[in-house]
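Asker: coordinates only, no sequence provided:
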């Protein structure tokens, strides 16, 4: 595993995004929008002053790398820092102080701090804060890394970058003083704004999360763009039944998530794949990975498993199988390499197919 999650806010509406992220108490996109305000006139998440999304990332003792494009608006008040991202844990009172591992915040002087859970808005040691500053009303690309053990956060194991330059990094062997000992292990990554600390409208785009495992996408990825492509035609395999008509791809290339139009099958090894096209403008750029998003559910009282599948150059690559729930659920699967085992290129992507295969 390497690439864990991506989000470019191009494919789903504000209503549908919680099906890909999570819906959890304060983690609601209230007073927020998803619109064509992104870095390339594409989608972006405008959090306003009270909008958040979270995503469970179950990694203990593994370095996580996170990158995001962030635009901070003009502040409406200058009395407190502004929290905009971080990691919290599973408990219900998700934004309670005892459940925060660490957060990223913009201070009143526009510097960035990496703050421990017990001190998200107060004064911090100098080494926790950058001297570099963000530029408001323009896009900044912010990355950070963090490794949490079950009982501690070892610093020298976290750092923050701004537009490619490292701006915060604690000495090796130091400890993230003030983090909650109850907050390690399973974590939720969040982006957005919290009412109590909001000072401006904040807009997010082009988010990635990866870990240190494997040989690809196991470190900083730098400033990346996340492009959404939809399926455009039936592929090599057409073994599912469309809910109407004869074109399977037309049942699954919709812009809103619903089950009114769909494809279905029950036989083991039944496979459906669809042709896809490269994002406009890609010629020779580096493609770090391709992510398949599938919205699935079962309608029978029996255990079912599926594998997302990519096909390219006559080679099929089936991902690890996952259980199919009764309730419609978004499953995201990352392919760091093309099915032939080499790096992705725009031409490989334009000739690839994506789909699903029934395992049991």
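Answerer: All right, it came through fine. Bear in mind that the values here come from a model prediction, so they are computed numbers and not experimental data.

Asker: show me where the stretch 151-300 of the chain has its strands.
Answerer: 153-162, 165-169, 187-192, 202-211, 231-238, 241-242, 263-264, 271-276, 290-296 (DSSP state E, counting those that start in this stretch).

Asker: ugh, wrong one, I meant the stretch 1-150 of the chain
Answerer: Applying DSSP E, counting those that start in this stretch to the stretch 1-150 of the chain gives strands spanning 3-7, 33-35, 44-46, 52-57, 64-72, 82-88, 100-106, 111-116, 129-133, 139-148.

Asker: so which of those comes closest to residue 18?
Answerer: strand 52-57 (7.3 Å; CB to CB). C-beta coordinates here come from the backbone N, C-alpha and C atoms, glycine included.

Asker: now for that closest one, which elements pack on it?
Answerer: strand 3-7, strand 187-192 (3 or more CB pairs under 8 Å, 6 or more residues apart in numbering; DSSP states H and E).

Asker: quick check: mean pLDDT of the longest one?
Answerer: This means strand 187-192. For strand 187-192, mean pLDDT rounds to 80.

Asker: report the angle between it and strand 139-148.
Answerer: Counting by axes from the mean of the first three to the mean of the last three CA atoms, to 10 degrees, strand 187-192 lies at 160 degrees to strand 139-148.

Asker: also the first one?
Answerer: With the same axes, to 10 degrees defining the directions, strand 3-7 sits at 150 degrees from strand 139-148.

Asker: residue ranges with poor pLDDT in the stretch 101-250 of the chain?
Answerer: 148-156, 171-186, 194-200 (pLDDT under 70).

Asker: ok so, going back, CSV for the helices and strands packed on strand 52-57, including distance to residue 166 and mean neighbour count?
Answerer: Formatted as CSV, the helices and strands packed on strand 52-57 follow (distance: least, CB to CB, whole Å; neighbours: other CB atoms under 10 Å):
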stretch, distance to residue 166, mean neighbour count
strand 3-7, 22, 22
strand 187-192, 20, 24
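
Asker: care to break the chain down by domain?
Answerer: Listed domain ranges for the chain are 3-211, 231-358 (source: automatic domain parsing).

Asker: ok, residue 258 to residue 235 distance?
Answerer: To residue 235, residue 258 is 22 Å away according to CB to CB, to the nearest Å.

Asker: about what we covered before: and residue 336, which of the strands of the stretch 1-150 of the chain is closest to it?
Answerer: Here strand 3-7 is closest among the strands of the stretch 1-150 of the chain (CB to CB), at 5.4 Å.

Asker: contacts for the closest one next, please.
Answerer: 20-21, 55, 57, 64, 189, 206-211, 216-217, 226, 288-289, 291, 332, 334, 336 (CB atoms under 8 Å, 6 or more residues apart in numbering).

Asker: can you say which of those are buried?
Answerer: Among the contacts of strand 3-7, those classed as buried by 16 or more other CB atoms under 10 Å are 20-21, 55, 57, 64, 189, 206-211, 217, 226, 288-289, 291, 332, 334, 336.
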